[in-house]
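Asks: sequence first, predicted model second:
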Amino acid sequence: MKEKLSALKDEANLNIQKAATLQEIDEIRVKYLGKKGEFTEISKSMRNLSPEERPLFGQLVNETKTFITNLIDEKNLVLKNEAKKEQLMSEVLDISLPGRDVSTGGLHPITETMNFLKGIFTDMGFDIAEGPEVEFTSYNFDALNIPETHPSRDLQDTFYMSENVVLRTHTSPVQARYMEKNQPPFRMVCPGKVYRNDYDISHTPMFHQMEGLMVGPDVSFANLKAMLEQFVTKVFGETKVRFRPHFFPFTEPSAEMDVQCVICKGEGCRLCKHSGWLEIMGCGMVDPAVLEAGGLNSDEVSGFAFGMGIERITMLRYGIDDLRAFFENDVRFLKQFK
Ligand code: PHE
């Protein structure tokens, strides 16, 4: 019996040493110390011993059991620590790895250009004003000296909501509203969406404009030219400009302003239709009738106004040759402006 116990002890010891996983150690615990394990067997066979031998052997069994229990607990701890270490190592964070790119959005080129232009005007002391996109014909046309018979009032050009309400066809009505609320001298620009019943390769039913108005005691055409030249230099860099006589109902005299072609620098190319010039805005001295409609005294103050299309300016700034690109929302196009 003693030999059997000693052999069991050696065997268990060896198995514990060999055990490489927590599961194996668990199996060993069951095999020797479990309910149906080896030690239970031995305890049972003690019945066959004489009463004198029993206590002594019992003590020996208990000592061996404790010895093996300790060995198992020790090994268990070692294996547990190893497993923990392994887990930590596998979760190690390599902070020297380059980060994964988070894809973020960007501003639409129209919005970006709008912000850019607004910045230039606010730097020059202009106020920024906004108005409704659904507008009364009284502001969109009448206050701006556009007579009932003017072609732009035609259904073909204007979206009518009702007889006297339209989707504004330009941002000029914002200027008419501004004159009613503000006393000169003032200078303001009004950026925003405008609508015209027009759809082809170079026109969309909705587009963006930015118009400006400056009114004061001695505002002259020379002031208009100087201010616009400075503005254009800030947008396109040093470039030549020219003013061509034109007609607008709300300004007199009126002009269109051209910049030297941004592509060919005046040599002549497809973009400028071989003229060397690109038209970028309309402008002029505010017609006295418009000042009066806005509640101002045209004997005391004068003013200039100008207006430009944001899509056109954006196309020229970035060399975009297709208007439709702005409205298709192709991310490959939009991503270039981030
Ligand atoms: N309102 C004009 C348009 O929409 C632009 C403009 C504004 C022209 C001011 C001259 C002066 O075409």
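Replies: Looks like it arrived, so ask away.
Asks: nearest to the ligand: which residue in the stretch 51-200 of the chain?
Replies: Residue of the stretch 51-200 of the chain nearest the ligand, by Cβ to the nearest ligand atom: H170 (3.2 Å). Every residue, glycine included, has its C-beta placed from N, CA and C.
Asks: name the nearest residue to that residue, ignoring sequence neighbours.
Replies: Excluding the flanking residues, the one nearest H170 by Cβ to Cβ, 6 or more residues apart in numbering is V194, at 5.4 Å.
Asks: so the one you found touches Q209, yeah?
Replies: Yes - counting by Cβ atoms under 8 Å, V194 touches Q209, with 5.1 Å between them.
Asks: any common contacting residues for these two?
Replies: Common neighbours of V194 and Q209 are listed as H170, T171 (criterion: Cβ atoms under 8 Å, 6 or more residues apart in numbering).
Asks: ok, how many other residues are close to the nearest residue to E211 once chain neighbours are set aside?
Replies: Closest residue to E211 apart from its sequence neighbours, by Cβ to Cβ, 6+ apart: G307 at 3.7 Å. Per other Cβ atoms under 10 Å, the neighbour tally for G307 reads 23.
Asks: which helix in this structure runs the most residues?
Replies: helix 53-90 (DSSP state H).
Asks: what is that helix packed up against?
Replies: Here helix 53-90 touches helix 2-18, helix 22-33, helix 38-45, going by 3 or more Cβ pairs under 8 Å, 6 or more residues apart in numbering; DSSP states H and E.
Asks: next secondary structure after it?
Replies: Helices and strands here follow DSSP states H and E; after helix 53-90, the next one along the chain is helix 109-123.
Asks: mind listing residues that contact that following helix?
Replies: Against helix 109-123 from outside (Cβ under 8 Å, 6+ apart): 107, 128, 189, 191, 208, 210, 212, 231, 234-235, 310-311, 313-314, 317-318, 320, 326, 334, 337.
Asks: please list only the buried members of those.
Replies: For these, a burial check counting by 16 or more other Cβ atoms under 10 Å picks out 189, 191, 208, 210, 212, 231, 235, 310-311, 313-314, 317, 320, 326, 334, 337.
Asks: show me which positions of stretch 228-246 end up buried.
Replies: Buried positions in stretch 228-246, judged by neighbour count with 16+ other Cβ under 10 Å: L228, E229, F231, V232, V235, F236, T239, V241, F243.
Asks: what are the contacting residues of that stretch?
Replies: Contacts for stretch 228-246 (Cβ under 8 Å, 6+ apart): 116-117, 120-121, 124, 225, 253-260, 262, 266, 277, 280-284, 306, 313, 316-317.
Asks: same list, the residues you listed, but only the ones touching the ligand.
Replies: Filtering the contacts of stretch 228-246 for neighbours of the ligand using Cβ under 6 Å from any ligand atom leaves G282, C283, G284, F306.
Asks: from those, which ones fall inside strands?
Replies: When DSSP state E is applied, those are split such that G282, C283, G284, F306 fall in strands.
Asks: out of those, flag the one nearest to A12.
Replies: The nearest member of these to A12, counting by Cβ to Cβ, is F306 at 98.5 Å.
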